[in-house]
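In: My questions are about this predicted structure, shown below with the sequence.
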Amino acid sequence: MATLSPVSSRPAAGGGRWVEVDPHRLPRWLAGFQERHGRYEVVPLPEGPRLVAADGAVAQCHPPPGTPVAPDLDAFIASVTAPRRLGLLLARRGAVAVGIALGRNLEVSKVDTRYVQGRTAAGGWSQQRFARRRENQARASAADGAEIVVRLLLPAAHRIAALVTGGDRRAVDAVLADPRLAPVAALRADRFLNVGEPRHATLETAARQACAVVIRISEDDPA
């Protein structure tokens, strides 16, 4: 089963890097940030606390989806470590995984797969016929995914702090286009998870990713 390390990192567009930190490891990460960059000043911002270190390094913290932004760092830590119930929807062509997680733990889940034909190199009429077949199969897969969301997430929409999605945006959008899912779609968070093929193990990893505190680190802040 895939696991999520306490801290993961990736380059950020425009410079710097993004790190994802397990909320319960955040105090340790903050101590390490101070060791590397010197004492820091905390600037409260609407998106989350901003840390400005003595050497000029800047760390902008963003809370997990569904978490209120706290006014100071101690309150922020308390807020992000409190478990919240999140809806999860992962979709790719022919596969969907739906779940509800309380904190890092899945409460319910459902995974469904349906064959969707790949692209063909054939030309002319045959290519058009295959394209129509593929489109119909993808539409049927989205409809199946929507039915799962109706059964699992729609009745729990009033208990979910946010809906976190991942996989392929077009596939996710197709599932949420079902008019019945408007209350669920309204909870959709900005955070989009980069995950592999929707499976139960992928859903478990997504539950942990959805809870992470996302921090953008910049060595030279232009502001």
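Out: Alright, I've got the coordinates.
In: residue ranges of the strands in this protein, please?
Out: With strands called from DSSP state E, the chain shows them at 7-11, 17-21, 40-43, 50-53, 58-62, 85-92, 95-102, 105-113, 162-167, 188-193, 213-218.
In: Work out the gap between the longest one and the centre of the chain.
Out: Which is strand 105-113. 16 Å (CA atoms, centre = their mean, to the nearest Å).
In: Which parts of it count as buried, going by neighbours?
Out: By neighbour count with 16 or more other CB atoms under 10 Å, strand 105-113 contains the buried residues 106, 109-112. Glycine gets a C-beta too; all of them are placed from N, C-alpha and C.
In: Show me the shaky parts of the chain.
Out: 1-7, 114-138, 140, 220-223 (pLDDT under 70).
In: and Pro155, how far is that from Leu181?
Out: 12 Å (CB to CB, to the nearest Å).
In: returning to what we had before: distance to Ala146 added to the buried residues of strand 105-113, as JSON lines?
Out: Listed next are the buried residues of strand 105-113 as JSON lines, based on distance: CB to CB, whole Å:
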{"residue": "Leu106", "distance to Ala146": "20"}
{"residue": "Ser109", "distance to Ala146": "16"}
{"residue": "Lys110", "distance to Ala146": "12"}
{"residue": "Val111", "distance to Ala146": "15"}
{"residue": "Asp112", "distance to Ala146": "11"}
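In: residues of stretch 10-21 that come out buried?
Out: So, applying 16+ other CB under 10 Å, buried residues of stretch 10-21: 16, 18-21.
In: Then stretch 178-196?
Out: Buried residues in stretch 178-196 (16+ other CB under 10 Å): 178, 181, 184-185, 187-189, 191, 193, 195.
In: Need the CA coordinates for stretch 60-73. PDB is fine.
Out: The C-alpha coordinates for stretch 60-73 follow below in PDB (Å, rounded to 0.1, in the frame of the first residue of the first chain):
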ATOM      1  CA  GLN A  60       3.400  30.600   3.700                       C
ATOM      2  CA  CYS A  61       1.200  28.100   5.400                       C
ATOM      3  CA  HIS A  62      -2.100  26.900   4.000                       C
ATOM      4  CA  PRO A  63      -4.500  24.800   6.200                       C
ATOM      5  CA  PRO A  64      -6.200  21.600   5.000                       C
ATOM      6  CA  PRO A  65      -9.500  21.900   3.200                       C
ATOM      7  CA  GLY A  66     -12.400  22.600   5.500                       C
ATOM      8  CA  THR A  67     -10.200  24.000   8.200                       C
ATOM      9  CA  PRO A  68     -10.900  27.600   9.400                       C
ATOM     10  CA  VAL A  69      -7.800  29.800   9.200                       C
ATOM     11  CA  ALA A  70      -6.700  30.700  12.700                       C
ATOM     12  CA  PRO A  71      -5.400  34.100  13.700                       C
ATOM     13  CA  ASP A  72      -2.100  33.000  15.200                       C
ATOM     14  CA  LEU A  73       0.400  30.100  14.900                       C
END
